[in-house]
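# whatever this is, show me its structure:
(one chain, ligands or ions: 1)
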Amino acid sequence: MSELHSTLRPGRLLIGGEWLSAQNGATRATVNPATEEKITDVADGGEADVELAVQAARKAFDSGPWTQKMTAADRGRALYKLAQLIAGPHRDELAELETLDCGKPISETKNIDIPMVAEMFEYFAGWSTKIHGDTIPPRGNAFTYTLREPIGVIGVIVPWNFPALMASWKIAAALAAGNTIILKPAELTPLTALRIGGLALEAGIPPGVLNVITGKGTVIGRPLVRHAGVDKISFTGSTPVGQEIMREAAGTVKRLTLELGGKSPNVVFADADLEAAVRGAATGIFYNKGEVCAAGSRLFIEESVRDEFLEKLKGRAEALKYGDPFDPKTRLGPQISAGQRDSILGYVAKGRSEGASVMTGGEAPSGKGYFVKPTILAGNNDMTVAREEIFGPVVVAIPFGSFEDAVRLSNTTAFGLASGVWTRDVKKAHRYARQVKAGTVWVNTYNMYDPSVPFGGFKASGFGRELGAEAVHNYTETKSVWIDLN
Ligand code: NAD
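Sure thing, here's the model as predicted:
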C-alpha cells in the first residue's frame, strides 16, 4: 500500500496544478469499510480552499490555454490520453484504491468501474470536435445562427457509491465541452478523485482545468454552491441535499444538473423467463451492496408466480459470497460506513414493526467490516421500507394482480429514476415503458449503462441528463446571433 500512497498525495488538494495542504492545515482520516482501519489522511478543506480553487478554475477558463490556445481537437486528444492512462498503466492502481476506500469487490472495480471510467473519457473525447450550433431561417431578411459555448466553471459534487465513475460521468462531458472544473468527492471516498486529478495533468490537461478539493459537504460543498464565480453545479447525491443545493443556487441563478435518489420498481410478470428475472432481480438490488441510485428496491411480482419466484431469489441471496473485497471471489462488500449499516438495519426494524416479514438476511454478520446480509422483505407498497430509499442490499417484495396494478404501484412513489420490467410479451413491455414515470426503463435486463445513453431522473430523482449528447448539451450555453441582411 505504501506504493499507492506515494503516487497519491493524499493529504493535499489539487488546485491550479499544485498539490496544496488545506489552508488551515486540517486533515481527516479515510477508512477502509471492510477492516474499519484508517487508510490514510486526506486534507480537510475549508472555505479558503474553495476560494483558491474557484480562482484557479476561473483563471483557467477565462484566460488559460484550455480555452484560449487549445482547439477542440487538442482538448479531445488530452481526454483520450487520460482515458488511455486510466485503462492501461493505472487501471489496477485505481481499482485497488477504489476497493480500499469504498469496499467494492476488486472483481468489480477492475472489470467494471475503472474500465467504464476510461470509456467515459474515451467517448466524450470524441464529442469535443462535434459540438456546434445551427443555422436557422428566421422570418424577415436576416441570417441567424447559434453557437454552443462552454458554461464556464463547473462545481462537480459526487457521492460515495461509485466515486470514480460518478465523477467521470460529469468531468468527461464538461471538459469535452470546454469548461473547467472543481471536483468535490464525497468525504468518505476521496482517493480515486485525487488520483484522477493527477493523471489529468499527466495527460496534458492544463493546470487549473480540473481542481480536486476534499472535505465535508457542508463546509466546502455549500460555499462552492453559493460562490458567484461558479457557473453551474452538477450534483449526484441524496434528494435532501439536492433540495438544499436548489435553494442555495437560487442566489446566483446557477445552472444545475441534479441526479438524486430513487426507489425503482422492478416488475416481474408471470409470462417472463423466470430464471432470467430472478438473476435480474438479484443484480438489481444486491449489485454494489445495494448502494446504487437505480437499485430495483421495490420488486413487484405477479401473484401467480410469487412464491416460486421468491424461493429462487432467496436461494440466490443466500449464495452470494460476502467478505474481503480483495478476494476475487467476493461478490458483496461492506456498506460504506457504520452509519450506513445502522441506517439499513434501522429500516429493517421499521419494516418488521410495520408488518413486513424478513424472508432472509436482515442482520449484520459478526466480525469486522460494515457488512449487511442480503435481505428480502415481504411487504406492501405503503410501508416505509417501500417509500424511502434504504441504499443497501434490501429488497421489498410486493405482489400484484394485473398490468394496471403494476403500473399504478410502480408510479406510486416520490421518485422516478429507473425501472425494470420482465415479460415475454413485447406489447406489454412497450406499454409499461410508456406508462412508467422513470428516466430509464430496462426490459428483461437491469443495471445496463453506456456512455452514449442518457441517464437521469423524473420527479424527486432530479433533472438534467447525464451521458450521451444530452450531457454535452447540459454543459453548454446556446447563444443566438442575428445578422441584418437589409
Ligand atoms: P449526499 O447527498 O449525502 O452527499 C453527496 C455529496 O454532496 C457528497 O460529496 C457530500 O459531501 C456533498 N454534500 C453534502 N451536503 C452538502 C451541502 N449542503 N452542499 C453541497 N454539497 C453537499 O449523498 P451520499 O450519501 O454521498 O450518496 C448517496 C445518495 O446519492 C443516495 O441518495 C443515492 O440515491 C444518490 N445517488 C444518485 C445517483 C443518480 O445518478 N441519481 C447516483 C448515485 C447516488
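# tell me which parts of the stretch 351-486 of the chain are close to the ligand?
E389, F391, L417, G457, S461, G462 (CB under 6 Å from any ligand atom). The way it works is simple: take the backbone N, C-alpha and C, and place the C-beta from them, glycine included.
# what does the stretch 151-300 of the chain put close to the ligand?
157-161, 166, 184, 186-187, 217-218, 221-222, 225, 236-238, 241, 244-245, 259-262, 293.
# which of those fall within strands?
Cross-referencing those against strands under DSSP state E gives I157, K184, T236, E259.
# mind listing what the nearest residue to A228 once chain neighbours are set aside touches?
The shortest distance from A228 to any non-neighbouring residue, by CB to CB, 6 or more residues apart in numbering, is to T252 (5.2 Å). T252 makes contacts with R226, H227, A228, V230, as judged by CB atoms under 8 Å, 6 or more residues apart in numbering.
# buried among the residues of the stretch 151-300 of the chain next to the ligand? Need that as a selection in ChimeraX.
This is the ChimeraX syntax for the buried subset of these, where burial follows 16 or more other CB atoms under 10 Å:
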select :157,158,159,160,161,166,184,186,187,217,221,222,225,236,237,238,241,244,245,259,260,261,262,293
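# residue ranges with poor pLDDT in the chain?
1-9 (pLDDT under 70).
# look up how far G392 lies from the residue positioned nearest the centre of it.
When CA atoms, centre = their mean is applied to the chain, the residue found nearest the centroid is M166 (3.8 Å). M166 sits at a distance of 18 Å from G392 (criterion: CB to CB, to the nearest Å).
# could you do V241 as well?
18 Å.
# redo the contacts of T252 as TSV? Include neighbour count.
What follows is the contacts of T252, written out as TSV (neighbours: other CB atoms under 10 Å):
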residue	neighbour count
R226	17
H227	22
A228	9
V230	25
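# any chance of those in JSON lines, plus secondary structure?
Formatted as JSON lines, the contacts of T252 follow (DSSP: H, G, I helix; E, B strand; the rest coil):
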{"residue": "R226", "secondary structure": "helix"}
{"residue": "H227", "secondary structure": "coil"}
{"residue": "A228", "secondary structure": "coil"}
{"residue": "V230", "secondary structure": "coil"}
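# can you tell me which of the residues you listed comes closest to the ligand?
R226 (9.0 Å; CB to the nearest ligand atom).
# where exactly do the helices run in the stretch 351-486 of the chain?
Here the stretch 351-486 of the chain has its helices, by DSSP state H, counting those that start in this stretch, at 384-387, 403-411, 426-435, 468-474.
# so how far is V426 from the residue nearest to the centre of the chain?
33 Å.
# same deal with Q335?
39 Å.
# would you turn the residues of the stretch 351-486 of the chain next to the ligand into JSON lines with distance to G439 and neighbour count?
Shown next, in JSON lines, are these (distance: CB to CB, whole Å; neighbours: other CB atoms under 10 Å):
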{"residue": "E389", "distance to G439": "15", "neighbour count": "22"}
{"residue": "F391", "distance to G439": "18", "neighbour count": "24"}
{"residue": "L417", "distance to G439": "6", "neighbour count": "27"}
{"residue": "G457", "distance to G439": "5", "neighbour count": "27"}
{"residue": "S461", "distance to G439": "7", "neighbour count": "28"}
{"residue": "G462", "distance to G439": "9", "neighbour count": "28"}
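# could you give the number of residues near N24?
12 (other CB atoms under 10 Å).
# surely it is within a strand?
No - per three-state DSSP, N24 lies outside any strand segment and is coil.
# and it, how far from V426?
N24 is 61 Å from V426, by CB to CB.
# can you check L313 too?
From L313 to V426 the distance is 25 Å (CB to CB).
# the more surrounded of those two?
L313 (26 against 9).
# so that one sits against V278, correct?
Yes - here L313 reaches V278: they are 5.3 Å apart, a contact under CB atoms under 8 Å.
# many thanks, we can stop here.
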